[in-house]
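S.K.: Next come a sequence and a model predicted from it.
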Amino acid sequence: MDISSSKAGSSSCPSPIQRRRFLSGVVEGFYGQPWPNNQRVRMFQRLGQWGMNSYMYAPKDDAKHRQQWREPLSPAEISTISGLIDACRAESVDFIFAISPGLDMVYSSEQELNFLKHKLDQVARLGCKSFAVLFDDIELRMCEADNLRFTSFAAAHVHVTNAIYEHLNRPQTFLFCPTEYCGSRAVPSVMESHYLHTVGKHLDINIGVLWTGPLVIPRDISVQSIQEVGKVLRRRPVLWDNLHANDYDRQRIFLGPYQGRPLTLRRYIRGVLTNPNCECEANFVAVHTLSTWCSIPVPPAEPPPDHSPVGSPNSLSSSCGSACSVLSEVRASDDEFYSPESALQTALSDWSLEVNQRYPEESPELSSSQPPVFSPIGSTDSACVPDTSPSTPCQPVAVLSDEQMSLLVDVFHLPHSHGRLSVHLLRQLNWLWRSCGWSSFDPASVSAPSAQDENMCDISSIDLACQFTADQVMFPLPAPSPSSKDDSTAATTSMTSLSTDNSEMDVQSAPPSPLPSSGTWSPEYCQQWRQQAAAFHQTCDTVQQLGRSFLQIPNHNLLNNIFSSMIELQSAVTKVDDFVWKLESLTTEEQACLLLYWTEPSVRPSENSVSSLASQWTADYEPWCVRGGLAADLLRLLPDLSVLATPPAGVAAPDDDSGISDVPTTPPIESSVASFSALSPLPSFLSDLVPEVGFQHCGA
């Protein structure tokens, strides 16, 4: 049977057009432990409070959603779903039940189709009025019976989806996720994809199509890219936004604002559902700023060309409110209407009330006067106790200051960018290690940094809302020439340069060489290096104090969600801080030894390490290609001990293990290189210089 036999999807016999509202809300669509139901209820409350209207139930690791999709819901699971539907209804939020049968479905089998219908009928009888059928993340293959019946993979998907849509009496909200759900997975491209063209031509026009953008997790989604897919699909897609998703790297968590999507995008989409962090309570900022993006009033404009039939549901209804408003094409900038920084500050103001409040434990007994509390679907652990659901909060306790709230978002920002303090810390460490050229100079002759110099690292003047790309992180702080006279001015300039956005910085640019032709460093340069080291230590202390304060917050749900990420960050900061302290404490002889190894390019942070750190932020990169976040990026900048253990090129190994005793007290650099031989095994001070950081976990 060819797909053209399905009247519902046939372009020659279009179905009646329905008017629809703009969808806005959350999709629980990640891989990993599904959210506790009490926290789901709290999410529904937030959605209703912030004017959002949709929640899609689609946890990949709920067995009945995906792997065991044929199995009917048990009585306990029916009770759970019923409670969630009621909780959504109480907040005027639409509960969308999704099912994902594509792992092993025989599309041509009527029995398989009946399994699907029966499962969804169970949920429909509970009062659910909205559904979704998902075919994402599956193999592009069919069994022999399917190949005999359908002309293509897309034809099979369209057949099943149209049949379910008709069986459920054409619900007002019915969504479909294609296997080619983003630009990078469209074969060979969005405009030439046979799969997407088949979906656009034959899928019932009232069924919304989910789309993640040019990538699975795109940094930016342009209007042009959405226009292209809308033309192919013959409808406006519903954006499944993975900006804050972290299921691909649970070492990271994303607390930054919704950004990278221009407001004009709303003209070309039917809605947006964010698929956020696996940690439910960590999604306050993500959802709050999305609600701001959806609700900002914008001036109307003439509707753009629409590829749907006249009167299509994709034509924005005047009843959908400001969330459906569109921007005129002729305007200066989206920043005039939606500012991620302003949205973030508003969200933090609201979030701080919850972060600093302790919520009392709530009785698991259901009642009509309070939100229901459930056990997780599919749980077979009788000892499983759901997290406490927020109810009436206790008296707030000010644990995190407003500044620390901003710093918390800053160190756990977004998959494609670091916040201001994170950039500050990375640039300091990069400069200190790549510019440690104080050999042949007695550190005792350098005066301690003055109080004015210590203020260089005062982060209170840093614009923490600003984000940076890789080139601005990795370009080193400017180093003075060895003959610099005004060390205080030069050091201050190095730090204040962080407050500017220099778009001309080159990620591949090397720092000025710290090896002067005279073979010695000036006292001014050495003093600046130590001043920068002092500033780095203070920045590390700021991050550590943030961690200590966060671990005392009374909101234990949030604490549990972010605890492991915070501990990992503190551990990484401790390691890099110790590394710089050890650099400062080296004796003159040890400095000479280190300098010999330092001259080997492979020992310092190389162009490869710079590139690997940069790669996660390029516009065409998926963020899982380089994992770990700020913690791993800091560790990537440390030297590679496996390289240090190898004698530098052109230097013979010594005949004995006499260590560094034969090194002159203050040798010129030239004589050091000529007379000092690399040791095997590695000198103990070098092996102690860098802690074991487990580089394997920092890689892709």
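M.R.: Received it, and whenever you're ready, just let me know what you need.
S.K.: contacts and neighbour counts: CA atoms only from here.
M.R.: Fine.
S.K.: Quick check: closest non-adjacent residue to E228.
M.R.: Closest residue to E228 apart from its sequence neighbours, by CA to CA, 6 or more residues apart in numbering: M191 at 6.9 Å.
S.K.: if I read this right, that neighbour contacts Q227, doesn't it?
M.R.: No: between M191 and Q227 there is no contact, the gap being 10.6 Å when judged by CA atoms under 8 Å.
S.K.: Between these two, which is the more surrounded one?
M.R.: Q227 (22 against 16; other CA atoms under 10 Å).
S.K.: so who does that one touch?
M.R.: Y268 (CA atoms under 8 Å, 6 or more residues apart in numbering).
S.K.: re earlier: for the residue nearest to E228, give its distance to V229.
M.R.: 7 Å (CA to CA, to the nearest Å).
S.K.: Could you do D94 as well?
M.R.: Taking CA to CA, one finds D94 at 26 Å from V229.
S.K.: Kindly report the same for Q531.
M.R.: For Q531 relative to V229 (CA to CA), the value is 54 Å.
S.K.: low pLDDT regions in the stretch 251-400 of the chain?
M.R.: Low-confidence segments of the stretch 251-400 of the chain (pLDDT under 70): 298-336, 358-398.
S.K.: mind running it again at 90?
M.R.: 251, 264, 296-337, 353-400 (pLDDT under 90).
S.K.: and what of the stretch 601-700 of the chain?
M.R.: In the stretch 601-700 of the chain (pLDDT under 90), the answer is 601-629, 633, 635-700.
S.K.: Helix or strand: which one has the residue nearest to M105 when sequence neighbours are not counted?
M.R.: By the measure of CA to CA, 6+ apart, the closest residue to M105 outside its immediate chain neighbours is E112, 6.8 Å from it. Here E112 sits within helix 110-124, counting by DSSP states H and E.
S.K.: Run through who's touching that helix.
M.R.: Under CA under 8 Å, 6+ apart, the answer for helix 110-124 is 69-73, 78, 81-82, 97, 105-107, 160, 164, 167-168.
S.K.: So which of the residues you listed belong to helices?
M.R.: 78, 81-82, 160, 164, 167 (DSSP state H).
S.K.: Buried ones from these, can you make that a ChimeraX selection?
M.R.: Typed into ChimeraX, the line below selects the buried ones among the ones in helices among the contacts of helix 110-124, using 16 or more other CA atoms under 10 Å:
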select :78,81,82,160,164
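S.K.: count of neighbours near C540?
M.R.: C540: 18 neighbours (other CA under 10 Å).
S.K.: Do I have it right that it meets D577?
M.R.: Yes: using CA under 8 Å, C540 is in contact with D577, at 6.6 Å.
S.K.: so what's in contact with these two at the same time?
M.R.: Joint contacts of C540 and D577 (CA under 8 Å, 6+ apart) do not exist.
S.K.: tell me which of the contacts of helix 110-124 is nearest to G127?
M.R.: Distances from G127 to the contacts of helix 110-124, taken as CA to CA, are shortest for S82 (7.7 Å).
S.K.: Give the other helices and strands that whatever helix or strand T574 lives in contacts.
M.R.: Using DSSP H and E, T574 sits within helix 556-585. Contacts defined by 3 or more CA pairs under 8 Å, 6 or more residues apart in numbering; DSSP states H and E place helix 556-585 against helix 420-434, helix 523-550, helix 629-636, helix 684-689.
S.K.: what would these look like in JSON lines with distance to D249?
M.R.: What follows is these, written out as JSON lines (distance: least, CA to CA, whole Å):
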{"stretch": "helix 420-434", "distance to D249": "19"}
{"stretch": "helix 523-550", "distance to D249": "21"}
{"stretch": "helix 629-636", "distance to D249": "9"}
{"stretch": "helix 684-689", "distance to D249": "29"}
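S.K.: what's the closest of those to A154?
M.R.: So among the helices and strands packed on helix 556-585, helix 629-636 is nearest, using CA to CA, at 37.2 Å.
S.K.: and that closest one, which residues are buried?
M.R.: 629-636.
S.K.: Now for the closest residue in space to L103 that isn't next to it in sequence: which residues touch it?
M.R.: Excluding the flanking residues, the one nearest L103 by CA to CA, 6+ apart is I138, at 5.7 Å. Taking CA under 8 Å, 6+ apart, we find I138 in contact with 102-103, 179.
S.K.: circling back: pull up the pairing partners for the helix or strand just after the helix holding E112, direction included.
M.R.: Downstream of helix 110-124, the next assigned helix or strand under DSSP H and E is strand 130-134. Strand 130-134 has these partner strands in its sheet, going by DSSP bridges: strand 94-99 (parallel), strand 173-177 (parallel).
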